[in-house]
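[1] Everything below, folded, please.
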Amino acid sequence: MSKPDQPPEVDDDDGVVDLEREDHPIEGDEAADNRTAADEHETITTETEKYDARKIVTGEARYTADYRNRFPDLAAGKVVRSDIAHGYVTDIDTSDAEAMDGVLAVITPWDDVVPDTLYSPSGQSYPEPSPWDTTVLREHVRYVGDPIAAVAATDTDTADRAARKITVEYDEREAVLDPADATDPDAPRLFEEDEVENEQAGADYERNLESHFEGEIGDPERVFETADADRVLETEWETPYQSHCVPEPHTTIAYTDEDDRYTFITATQVPFHTRRQLAHLFDVPIRDIRVTKPRVGAGFGAKQEMAIEPIAFALHRKAGVPVKLEMTRQEEFTALRFRHPTELKFRTAVDDDGDLAAMDLDARENSGAYGTHGMTVAGNIGTKALPLYPRVQDVRFAADIVHTNLPMGAAMRGYGAPQGMFVVEGHMDELARRLGEDPIAFRKRHAVREGDLDRTAAIIKEGERFNRRIRSCGIRECIERGKEAIGYDDLEQPEEDHLHRGIGMALCAQASGVAGKELGAAQLKMNEDGSFHLQVGGVDVGSGNDTMFTQIIAEVLGCVPEDVIVRSSDTDLTPHDYGAYASSTTYISGRAVKKAAEDAKERLLYWGAKMLDEPVENLETGGGEVVSEATGESVTLEEIGYESTYGDDEREQIMGGGHHSTDESPPPFGAQFVDVTVNEETGEFDLNELVFAADCGVALNPPLVEGQIEGAQHMSLELATSGTLEFDEDGQPETLGFRQYGMPRTTDHPPMETILVETHEPTGPFGAKSIGELPTNGVPPALSNAVRDAVGVRITTLPITTEKVKRALDASDD
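    Predicted structure coming up:
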């Protein structure tokens, strides 16, 4: 790949970037109504009560399990899971379970209702960019927790007791738990040739490699070979498993409706992907499957997986009655999905002026027992973090995605970016200190600017289609406002000699959807009284997307958000949407909703012109009316609703439709600050404050944005300081619930300050970008940097603990 098209040299904050480019121009194709002054906004950028807030706090919101009362004959499901890390199931004795009163069905891998079709449960677009290496129930088991049988019974207690009566015989095989050992030629092979379809680039299953990829811009190796040794820095980093800790466990109800169609009420982030995958897996036409999503008690990526729906479906087909399958908390911590552990190496070279000249990132990701999201998460490790510095001309990024006999990694909030930011931002901090520079000043000099042409984000893709122009970037304002809020320039040290205070900072970036791999659609219809029903495929998993949709519609149509009823995520009733992942809902689904509202607005203006006897060009919507800007005359939306529905000479149902897909994926940016006090005698540390400054474009509902930032910082703090999974030497899980996991409690959490830095993204709805994942990326590197600032030692493995800090301090004294 040729060297990137570089902007002219810049002088720190006073430099300018050449925006006149023939390729990837800075100016997007933006409608005039997409960019309005803040004082002209009617509903966006204002606080609007969360659409489902009252239902949630009063207990009226209905989650999947709450629908059980609809079904008087509802059966309870229970999964039997492997208790060895690697081997083959040779026999399953179900006779004792089947003889129990109340047992309605028992299924095994050899049952007629259980397909042996290979598939990926990854919940991604078609064809899935993950290998098809999974079956509904497993004969070849690859980790402790693999599903091998299941029971449906009249109640949960009976199902549990029946599952315990099933006995399983194995041909146990050697397990491999370390990804470095897994690629050794003598390591046990985890997949045979006939056990994988849809193999990914660089796959080598003889070496347990799910994938290998490598991308390069320029010639970084030449730079490293010619650079002086003191101008090259190489560091190594490691990140662990992390649990999603979803409040609502995975739950599915599967039944057949009165029209003999298979229906699923399920806690999912991806209803349409789930429908398609179930149809493929069970050889059922898509038209005969309906997937509905009620309220979801958070997903964070875990519910992007079709993790339990196929088992529930098979149990339902055999039992002949509706089946509810609900995971236990232990299953969530041992058998479901997690953030991928990674081992990372990062090299940089700087020139004689101290400017970044080359970057080289190598990642080894533990994909666990199966390949769901393995390659795509690994790709994001580099393509989210390295673009923080897009003007570096020589860059390399490579990764090995390795199978082991441990639980599978999958999608999790941040999707590879937390791992990437930890290494890149920790490394940049260390590099600046080695060069004798202030770490923040060093970053400001090199970091991304508005107008940059970012090719690093597409470093592992072919061609230039996904190179992106940075059209909005408030990262320097994020830095400055965060510095001021945390007191960076006025830090006071404790009076005690053994206590030392430090501040660390890390830059963050994410994306807004998956460039070229998204689709959102919406339909809006008007009622006679001027209210509206929105049917949208976009999935609200607790973040407030339904609220944001009502604000967008109200802003376009001049109504109030309360006049919009949202019906979302029902594959029978709502338009197609890829689902809630990749920070896509505001940017992709929000644009679709805006287009639907604009489509409906055309019809409102038509009827307003008809009723006011004025040309459409004179009219605008606002305040629940269509108003003439020439005469001041108006007609209410309610009057239009009745006239259009019941008029004498002409009638219509006022509706609007819209869909959105794009190759754009503008990154939101942020700066995370951590203030810490470290005890040099014990290694103990106290977090004094977290500050996060975020550029998410225009914040359509600032309180909801702030809530996303605070929740994501909590998840980031968990990765930084506590949460991980432990296993014994045989692969048996030792982390069985919250008690062993160590998720931070409210009392463990330092004060947080959130700062919103407003920019305008011309390709987003009313200038908005994403926010949901961005703040998951910052606390681990910022904390590592803060400890380094306080006591001079660098922690490069997560979680950062008292014991690690003490060992590093002791080693520094040797």
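[2] how about the helices of the stretch 651-800 of the chain, start to end?
    In the stretch 651-800 of the chain, helices defined by DSSP state H, counting those that start in this stretch lie at 702-721, 738-741, 779-791, listed in chain order.
[3] and if you look at the stretch 351-500 of the chain?
    Taking DSSP H, counting those that start in this stretch to define them, one finds helices in the stretch 351-500 of the chain at 374-385, 417-434, 439-446, 475-486.
[4] Using CSV, write out every CA atom in the longest one.
    This file holds the C-alpha atoms of helix 417-434, laid out as CSV (Å, rounded to 0.1, in the frame of the first residue of the first chain):
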residue,chain,number,x,y,z
ALA,A,417,-10.8,-0.8,21.3
PRO,A,418,-10.2,-1.1,25.0
GLN,A,419,-7.4,-3.6,24.4
GLY,A,420,-6.0,-1.3,21.7
MET,A,421,-6.2,1.9,23.7
PHE,A,422,-4.5,0.3,26.7
VAL,A,423,-1.4,-0.5,24.7
VAL,A,424,-1.2,2.5,22.4
GLU,A,425,-2.0,5.2,25.0
GLY,A,426,0.1,3.5,27.7
HIS,A,427,3.0,3.3,25.2
MET,A,428,2.6,6.9,24.0
ASP,A,429,2.7,8.1,27.6
GLU,A,430,5.9,6.1,28.2
LEU,A,431,7.4,7.3,25.0
ALA,A,432,6.9,10.9,25.8
ARG,A,433,8.4,10.5,29.3
ARG,A,434,11.5,8.7,27.7
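[5] and it with helix 779-791, angle?
    20 degrees (axes from the mean of the first three to the mean of the last three Cα atoms, to 10 degrees).
[6] so for helix 417-434, what's the average pLDDT?
    Averaged across helix 417-434, the pLDDT comes to 98.
[7] For it, name the packing helices and strands.
    Judged by 3 or more Cβ pairs under 8 Å, 6 or more residues apart in numbering; DSSP states H and E, the packing partners of helix 417-434 are strand 232-239, strand 342-350, strand 356-368, helix 374-385, helix 439-446, strand 499-509, helix 779-791. Where you see a C-beta, it was placed from the backbone N, CA and C, and this is true even at glycine.
[8] and those as JSON lines, adding distance to His659, mean pLDDT and mean neighbour count?
    Below are the helices and strands packed on helix 417-434 laid out as JSON lines (distance: least, Cβ to Cβ, whole Å; pLDDT from 0 to 100; neighbours: other Cβ atoms under 10 Å):
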{"stretch": "strand 232-239", "distance to His659": "37", "mean pLDDT": "98", "mean neighbour count": "18"}
{"stretch": "strand 342-350", "distance to His659": "36", "mean pLDDT": "98", "mean neighbour count": "23"}
{"stretch": "strand 356-368", "distance to His659": "34", "mean pLDDT": "98", "mean neighbour count": "24"}
{"stretch": "helix 374-385", "distance to His659": "24", "mean pLDDT": "97", "mean neighbour count": "27"}
{"stretch": "helix 439-446", "distance to His659": "39", "mean pLDDT": "97", "mean neighbour count": "19"}
{"stretch": "strand 499-509", "distance to His659": "27", "mean pLDDT": "98", "mean neighbour count": "25"}
{"stretch": "helix 779-791", "distance to His659": "37", "mean pLDDT": "98", "mean neighbour count": "28"}
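[9] Low-confidence stretches in the chain?
    Counting by pLDDT under 70, the ranges of the chain that qualify are 1-28.
[10] let's see 80
    Scanning the chain for pLDDT under 80 picks out 1-29, 814.
[11] So which residue is dead centre in the protein?
    Arg413 (3.7 Å; Cα atoms, centre = their mean).
[12] Please name the nearest non-neighbouring residue to that one.
    Nearest non-adjacent residue to Arg413, counting by Cβ to Cβ, 6 or more residues apart in numbering: Phe300, 4.5 Å away.
[13] Count the residues that sit near the one you found.
    Residues within reach of Phe300, counting by other Cβ atoms under 10 Å, total 27.
[14] contacting residues for the residue nearest to the centre of the chain?
    Arg413 is in contact with 244, 300-301, 712, 715, 772-773, 776, counting by Cβ atoms under 8 Å, 6 or more residues apart in numbering.
[15] Out of those, grab the one that's most surrounded.
    Neighbour-wise, the contacts of Arg413 (other Cβ under 10 Å) top out at Thr776, 30 neighbours.
[16] To Arg745, which of the helices of the stretch 351-500 of the chain lies closest?
    Shortest distance between Arg745 and these, using Cβ to Cβ, is found for helix 417-434: 21.0 Å.
[17] For that closest one, what is the distance to the chain centroid?
    The gap between where helix 417-434 is centred and where its chain is centred comes out at 22 Å by Cα atoms, centre = their mean, to the nearest Å.
[18] All the strands of the stretch 451-600 of the chain, residue numbers only.
    Ranges of strands within the stretch 451-600 of the chain are 453-454, 468-469, 499-509, 520-526, 532-536, 564-568, based on DSSP state E, counting those that start in this stretch.
[19] could you pull out the helices for the stretch 151-300 of the chain?
    156-165, 179-182, 220-226, 271-282.
[20] what's the third one packed up against?
    Okay, so that is helix 220-226. Here helix 220-226 touches strand 342-350, strand 356-368, strand 394-403, going by 3+ Cβ pairs under 8 Å, 6+ apart.
[21] strand partners of the second one, parallel vs antiparallel please.
    So that's strand 356-368. Applying DSSP bridges, strand 356-368 is found paired with strand 342-350 (antiparallel), strand 394-403 (parallel).
[22] Please work out how many residues are found near Asp648.
    Using other Cβ under 10 Å, the number of residues around Asp648 comes to 6.
[23] pretty sure it belongs to a strand, no?
    No: using DSSP: H, G, I helix; E, B strand; the rest coil, the secondary structure at Asp648 is coil, not a strand.
[24] No further questions, thank you.
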